[in-house]
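Participant: have a look; sequence and predicted model below, questions after that.
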Amino acid sequence: MGQWIQQLIEQLGYLGIAVLMLAETVFPPLPSEVIMPLAGLRASRGALSLPGVIAAGASGAMAGNLAWYLAARAIGVDRLHCLVERHGRWLTLDWGEVERAQGWLHRHDAMFVCLGRMMPSVRSVVSIPAGLLRMPLPRFLLWSALGTTAWTAALSVAGYLLGQRYTAVDRYLGPISTAIIVVFVLWYGWRVATWKHPA
């Protein structure tokens, strides 16, 4: 996968970085932990500028963030209520939990979105609860942009400084991403197994 990503960045430059980060946000298995360090490596060789790499990566990711947010917002709370009532076990939710989550998000939406954008494996799904629970769009864009830019900048600078050793970024972050996914799958399985419809 790394070779294909490298070729696309070499051929399309900033546009390739933006397209890859858009795809990474929509399709999480495509790793930003490979895309942005590779782009940083290209910048270290003078083929691209580091600020341009960061801007391209953040712009592509933000386009994907906004797409997920708008899709979730289009579903809306009313449809979500129907889904929870009908498929509560498989969603591992009851409506009381949704209402509590909505209250929590209204109080901590900035922290949730900004920090969530900097967490491997979680970054791409942050937009869904923000959209479903109707976080105001300007706040969503602001805090998403801050977290997304910080993440892309960190990965790009790492690739820039590490050079040919850029794969070290994915070597360290890859197991973290895998651990988060494993924990989520185990948590989900436990929730399904122990879920009871509220009285």
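Facilitator: Good, I have the coordinates.

Participant: so which residues of this protein form helices?
Facilitator: 2-12, 14-26, 32-44, 50-91, 95-116, 127-132, 137-162, 167-194 (DSSP state H).

Participant: dump the ones you listed to CSV, plus mean pLDDT.
Facilitator: Below are the helices of the chain laid out as CSV (pLDDT from 0 to 100):
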stretch, mean pLDDT
helix 2-12, 80
helix 14-26, 91
helix 32-44, 86
helix 50-91, 84
helix 95-116, 76
helix 127-132, 87
helix 137-162, 91
helix 167-194, 65
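
Participant: which of those helices sits most buried?
Facilitator: helix 32-44 (a mean of 26; mean count of other CB atoms under 10 Å). Every residue, glycine included, has its C-beta placed from N, CA and C.

Participant: helix 137-162 and that one, what's the angle between them?
Facilitator: With axes from the mean of the first three to the mean of the last three CA atoms, to 10 degrees defining the directions, helix 32-44 sits at 60 degrees from helix 137-162.

Participant: just checking, what packs against helix 32-44?
Facilitator: Under the contact criterion of 3 or more CB pairs under 8 Å, 6 or more residues apart in numbering; DSSP states H and E, helix 32-44 touches helix 2-12, helix 14-26, helix 50-91, helix 137-162, helix 167-194.

Participant: who touches E24 in this structure?
Facilitator: Contacts for E24 (CB atoms under 8 Å, 6 or more residues apart in numbering) come out as L30, P31, S32, I35, G60, A61, G64, S124.

Participant: from G76, how far out is the closest residue to A110 other than its chain neighbours?
Facilitator: Excluding the flanking residues, the one nearest A110 by CB to CB, 6 or more residues apart in numbering is W143, at 4.8 Å. From W143 across to G76, the span is 21 Å (CB to CB, to the nearest Å).
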